[in-house]
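Novice: Attaching a predicted model along with its sequence, questions to come.
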Amino acid sequence: MAYPQYRYTPQHEWINAKGDTATIGITDYAQHELGDVVFVELPAVGAKLEKGKSLGSVESVKAVSDIYAPTSGQVIEANGELQNQPETINSDPHGAGWLVKIKLADPADLHTLMDAAAYEAYIAEKKEASA
Amino acid sequence: MPVRSVLSNEMSEKIKAASRHTSRNEHLIFEKSSPGKRAFDLPPLDVPAADPKRALGEFHRGEGVQGFPEVSEIEVIRHFTRLSTWNYAIDLGMYPLGSCTMKYNPRVNEFVARLAGLATEHPYQPQELSQGCLRILSLLEKCLLEITGMEAITLQPAAGAQGELTGLLLVRAFHQKNGNPRNKVLIPDSAHGTNPATVVIAGYEVENIKSNAEGQVDIGKLREQVNENVAALMLTNPSTLGIFEQQIPEIAEILHSKGALLYMDGANMNALTGVTRPGRMGVDVMHLNLHKTFSTPHGGGGPGAGPVAIKKFLEPFLPVPVLVERPAGTFALDFHRKESIGRVRAFGGNFGVLVRALAYILAYGPEVRQATEDAVLNANYIRKQLEGVFDLPYTRPSMHEVVFSDAIQKRHGVNTMDIAKRLIDYGFHPYTTAFPLIVPGALMIEPTESESKEECDYFIDAMKSIAEEAEKQPELVKTAPHTTRVRRLDEVGAARKPILRWKSPEKVSGATG
Amino acid sequence: MRYLPKSPTEREQMLAAIGAESIDELFASVPEAYRLKEPLELPGPLSEAEVIQYFQARASENSAGYTSFLGAGIYAHLRSVVTDTILQRGEFLTSYTPYQAEMAQGTLQAIFEFQTLMCQLTGQEVANASMYDGSTATTEAVLMAERVTGRQRVLVARSVHPEYRDVLRTYAKNSGLHVEEVPFTPSGTVDLNAVKSLVNDDVCAVVVQSPNFFGAIEKLDGLADIARNAGALLVVAINEALSLGLLKPPREADIVAMEGQSFGLAPSYGGPFVGVIASREKYVRQMPGRLAGQTTDQEGRRGFVLTLATREQHIRREKATSNICTNQALCALAATVHLSLLGKAGIREMAAQNLAKAQFALQELEKVPGVKRGFSAPFFNEFVLELPRSVKLVNAELLKSKIIGPYVLGAAYPELTKHALVCVTETIPRSEIERFATELKMALEVPV
């Protein structure tokens, strides 16, 4: 698939910034690895996120994955839909399956992350390595 | 397989209920209940009845427990007998589950555990009226010390995981006494999940140590990682790959030189009993799983017992009470242990399980070595026959278990889970899938000594057949099992919207209950 | 050896197939220096008859022929032989943990029924598939409260079983939990005012037991209010599960930690028993241990699976809610069968018999000169007596008449110097209760 023009982390989170706010989620690659999502643990509104630290987790039947903050910021909204419909992360990981919206501490920091092309190359390598 | 009826549709409709009788459909006990039925009578009360309202006042439960079963004795017998027929069990056939040691559960063990005079005793009764129980505990302690080559032991922990915790608490108490409790425990990446979970509960940090290319502890890495912050290394030997850690003397030396201790997870003792002793190998503290090596029944998931055996220097820290032998030859429980880590559970231990383990040991005596030899023989026989059919990622000699991977079958899109599910159609319980974590797509097989050559051959034939199916009819394997009562249960749904209890229809509709 | 299904010929055939000359070759990976040259020095091998003889001899060296008035966390109750008939079916006794659901629907449905029964009894919304015992269940309940609230102080009533408090202290020492004890009032129940003054927003759990160690029933609504106002969870431990046959369920509790031994498990010198954690649905993801959940298969049939396993050690590893792996499945099955046999009417009747026997016993014992009731709170089948002299000495006298006297409270409660905890269940005949009163009177008349 063609990954949207977001920014990406090696832990398979995506971040889509607009001005000084951004939306965070996990990528299609990540949801595929996890399998059917059964539960999502998200931070509360107002929580301060630190780049690289866990902000919550996504659970499937067989595994739990921590989600790491791609950059620092403060949570302004968490996706309440996911409480009742965690499967949205599987069906629409880059859209309706978003996890949190944050106010960015440093918008410029996003330039240190991979762009869509770099991320696609990154996961292509991963797929080859495990084949 | 669903029975295809040759009867007319009308007939089929009429006997639908009967055709699903006895073992096909059994509802919940609550769904079979009906007011007024009862299954148990008590002898008549021989004292004046008490008025519960007067005696209990506001605490009195007005009506009976809502929704509680109301069935007759025969319905109880039929209900649970029918449920039991849906289970696989050792009494039926092999469980090739790695590191579980699913061996025969001798029936005499059940008989002796139930004896009046043993099953009836209360741990708070006077010690002079408990000498029979205490003698049993003392003999079991002696036997387990002889088997492990260790110097002291506690029988208190209720299971392996609790034994691990007790062992780590002993380690901590030791380091604390020496002035520095230290803060890390090293765990190989091949370890069982209880190991890291236990480390955290014991108040330590987990530090993973990567295995080398042969699936053993990497001595170089160990040397780098062991320092004065490391309290212990938790080692399973043989490892979860079924391979003996040959460098255990170096491992012990490296740890001891930095004042750290060697903890051995004794889950795989079935490869060692009577052949060698951990106490000789530099192990400072270890736990045993009586429900694995020592034949106490799994019972669908417990109870077990996890005794912890130690070297003398850890003895002051043992949980209370400690069993002591008096000069007169009587036994007593010593509660005055100043440096003890305390209790890990109420009362003395899972006595009923301990009795079963002792019965097993007494039945074998010194001949228990033969059981170990047969266990290793079976595992190697299976390995030899399946090598080449399944990928063998680690080629060092196997002891009582062997770990293959699904690499060959993966080429046809079939993975270890699929193979395991297809094995069910051949009449076996699956082996351990997806563990240890260092082998992607693992097939972990431990037959134990309880399998005859005939059973091993059946198993080998089944595995070979599935390997062929994986190549020629992968879809058959991927959609297995085909012959069980229920097929591919929806685990995702169960986790998304958990239903964890039955609710009476009135309750569901919102009425109180 | 009768447990080993191999003939010497078969062993040879298998060795040949492997290509090994002898079994010793298969142990080559064990360094020579470690290999035992002599057989282990173990008693045996014993035939089946000799094994039985050994244990029968031990059984005769215990308390056969004595009548016991001990409770204190372990209770002698009637058990039907039907329970063992079911338990001893090989498909239950010798089956494994139900990780492969298709091959273990029997175990899983039985666990689901157990979870349901525990919810019905305790008035809670969800219960797990058992913990090791009541003491570890209580500790795990506290750890659960810690996870839910993020706080580290625990208030425990002194009227909770002393060994339960010991276990909590052992676990707390290494986890940063800070445990403080709350005194009891002269009526034998927890001091509410003390709880009120000690509780604050650092407290994760207030822990009480009901009926408590003295047999006294605790009022929970006041405690629940105090805990809730401080944002702490109310943990209620239960030792005598049969009490729920006649007592109101502890709905006010946030977490119930119960010992289920009274339901079909023999005292067995201390174990194995069965612990239960029951709580509100909203806390289920913080609950330790296994959970059986209802689901459907491909063809829409109802079935059961272990669920929410991601909380557990085999997936979460160091982030697990607990390290517990084994539960007490067979013991939980015993409880499930036992309760199905007792049923709605039976559990009430058995509880009523206990209440009646205990009331009768108290009445008879209070007639003995010098004997006083220790606490005024209502009780179920255990109560405290205050004697005019040391309980230890009195018990020594009673032993001569083949009576195992009540539990000596002075060891765990130094201020209760002459107090004893008497337990009377439905298993004690009236004549033995009367004899106890008679012997007690005589024991108190013996010159000191």
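Specialist: Nice, thanks for sending it over. Numbers count the residues shown, from 1 in each chain, chains lettered A, B, ... in the order given.
Novice: Tell me the residues of chain B that contact chain A?
Specialist: Residues of chain B lying near chain A by Cβ under 8 Å from any Cβ of the partner chain: B:491-492, B:495-496. C-betas here are computed from N, CA, C, even on glycine.
Novice: Stretch A:37-51: end-to-end distance?
Specialist: Using Cα to Cα, to the nearest Å, one end of stretch A:37-51 lies 24 Å from the other.
Novice: so where's chain C shaky on pLDDT?
Specialist: C:310-326 (pLDDT under 70).
Novice: domain parsing for it?
Specialist: C:67-78+C:344-445, C:81-338 (automatic domain parsing).
Novice: Enumerate every residue touching B:Glu325.
Specialist: By Cβ atoms under 8 Å, 6 or more residues apart in numbering or on different chains, the residues touching B:Glu325 are B:138, B:331.
Novice: For it, name its beta-bridge partners.
Specialist: B:Glu325 has these beta-bridge partners by DSSP bridges: B:Phe331.
Novice: Okay, it and chain C: tell me how far apart.
Specialist: Distance of B:Glu325 to chain C, computed by Cβ to the nearest Cβ, to the nearest Å: 15 Å.
Novice: and if you look at B:Gly167?
Specialist: 12 Å.
Novice: cool, and A:Ala116?
Specialist: A:Ala116 is 31 Å from chain C, by Cβ to the nearest Cβ.
Novice: By neighbours, which of the residues of chain B next to chain A wins?
Specialist: Of all the residues of chain B next to chain A, B:Ala495 has the most neighbours under the rule other Cβ atoms under 10 Å in any protein chain shown, reaching 25 neighbours.
Novice: Which residues are in contact with the nearest residue to it once chain neighbours are set aside?
Specialist: Counting by Cβ to Cβ, 6 or more residues apart in numbering or on different chains, B:Ala495 lies nearest to A:Val38, which is 3.7 Å off, once chain neighbours are set aside. For A:Val38, the contacting residues are A:59-61, A:86, B:492, B:495-496, C:310, by Cβ under 8 Å, 6+ apart.
Novice: do that again at 7 Å, thanks
Specialist: A:59-61, A:86, B:492, B:495-496 (Cβ atoms under 7 Å, 6 or more residues apart in numbering or on different chains).
Novice: ditto for A:Val45
Specialist: So A:Val45 contacts A:75-78 (Cβ under 7 Å, 6+ apart).
Novice: returning to that earlier point: let me have the residues of chain B next to chain A in CSV, extended by secondary structure.
Specialist: Output for the residues of chain B next to chain A, formatted as CSV (DSSP: H, G, I helix; E, B strand; the rest coil):
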residue, secondary structure
B:Glu491, helix
B:Val492, helix
B:Ala495, helix
B:Arg496, helix
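Novice: Tell me the one of those nearest C:Leu242?
Specialist: B:Ala495 (34.5 Å; Cβ to Cβ).
Novice: what sits against the residue of the stretch 251-400 of chain C found nearest chain B?
Specialist: Residue nearest to chain B within the stretch 251-400 of chain C: C:Leu330 (2.8 Å; Cβ to the nearest Cβ). The contact partners of C:Leu330, by Cβ under 7 Å, 6+ apart, come to B:297, B:299-300, B:302-303, C:87, C:92-93.
Novice: Check the gap between B:Ala173 and C:Glu163 for me.
Specialist: 19 Å (Cβ to Cβ, to the nearest Å).
Novice: Please apply the same query to B:Thr484.
Specialist: 44 Å.
Novice: same question, C:Met103
Specialist: Between C:Met103 and C:Glu163 the distance is 38 Å, computed by Cβ to Cβ.
Novice: Check which helix or strand B:Lys292 maps to.
Specialist: Using DSSP states H and E, B:Lys292 sits in no helix or strand.
Novice: just checking, B:Gly98 touches B:Glu401?
Specialist: Yes. Between B:Gly98 and B:Glu401 a contact is recorded at 4.8 Å, counting by Cβ atoms under 7 Å.
Novice: got the buried residues for stretch C:423-441?
Specialist: Within stretch C:423-441, the residues scored as buried using 16 or more other Cβ atoms under 10 Å in any protein chain shown are C:423-428, C:432-433, C:436-437, C:439-440.
Novice: So which of C:Met103 and C:Glu163 has more stuff around it?
Specialist: C:Met103 (25 against 21).
Novice: which residues sit in contact with the more buried one?
Specialist: C:Met103 touches B:87-88, B:424, B:429, B:484, counting by Cβ under 7 Å, 6+ apart.
Novice: Identify the farthest-apart pair in these.
Specialist: B:Asn87 and B:Ile424 (12.7 Å).
Novice: between those two, who's got more neighbours?
Specialist: B:Asn87 (26 against 19).
Novice: which phi and psi does that one have?
Specialist: phi -100, psi 150 (degrees, to the nearest 10).
Novice: what sits opposite it in the beta ladder?
Specialist: C:Ala104.
Novice: Pull the contacting residues for it.
Specialist: C:91-92, C:95, C:103-104, C:106-107.
Novice: hmm, back to that, pLDDT check: weakest of the contacts of C:Met103?
Specialist: The member of the contacts of C:Met103 with the lowest pLDDT is B:Thr484, and it reads 85.
Novice: Please name the residues that touch that residue.
Specialist: B:424, C:102-103.
Novice: I'd guessed A:Ala116 sits against A:Trp14; true?
Specialist: No. Applying Cβ under 7 Å, one finds A:Ala116 not in contact with A:Trp14, separated by 9.0 Å.
Novice: picking that back up, considering only the buried residues of stretch C:423-441, which also neighbour chain B?
Specialist: C:Glu426 (Cβ under 7 Å from any Cβ of the partner chain).
Novice: Among the buried residues of stretch C:423-441, which are located in strands?
Specialist: The strands, defined by DSSP state E, take in C:Cys423 from the buried residues of stretch C:423-441.
Novice: okay if I get the buried residues of stretch C:423-441 as a markdown table plus distance to C:Ala76?
Specialist: Converted to a markdown table, these look like this (distance: Cβ to Cβ, whole Å):
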| residue | distance to C:Ala76 |
| --- | --- |
| C:Cys423 | 8 |
| C:Val424 | 10 |
| C:Thr425 | 6 |
| C:Glu426 | 9 |
| C:Thr427 | 5 |
| C:Ile428 | 8 |
| C:Glu432 | 12 |
| C:Ile433 | 14 |
| C:Phe436 | 15 |
| C:Ala437 | 19 |
| C:Glu439 | 19 |
| C:Leu440 | 20 |
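Novice: And for B:Lys210, the neighbour number?
Specialist: Count around B:Lys210 with other Cβ under 10 Å applied: 12.
Novice: and what of C:Ala33?
Specialist: What C:Ala33 shows, counting by other Cβ under 10 Å, is a neighbour count of 9.
Novice: What parts of chain A come near chain B?
Specialist: Checking chain A against chain B by Cβ under 7 Å from any Cβ, the hits are A:36, A:38-39, A:61, A:86.
Novice: One more pass at 10 Å, please.
Specialist: A:35-39, A:59-62, A:84-87, A:90, A:130-131 (Cβ under 10 Å from any Cβ of the partner chain).
Novice: Might you report the residue contacts of C:Ile111?
Specialist: Counting by Cβ atoms under 10 Å, 6 or more residues apart in numbering or on different chains, C:Ile111 makes contact with B:300-301, C:98, C:104, C:128-130, C:290-293, C:304, C:306, C:327, C:329, C:332-333, C:336.
Novice: Work out for me the element it sits within.
Specialist: Residue-wise, C:Ile111 maps onto helix C:105-122 under DSSP H and E.
Novice: Also C:Val179?
Specialist: C:Val179 belongs to strand C:178-182, assigned by DSSP H and E.
Novice: and that strand, what does it pack onto?
Specialist: Strand C:178-182 sits against strand C:153-157, helix C:162-173, helix C:192-198, strand C:203-209, with contacts defined as 3 or more Cβ pairs under 10 Å, 6 or more residues apart in numbering or on different chains; DSSP states H and E.
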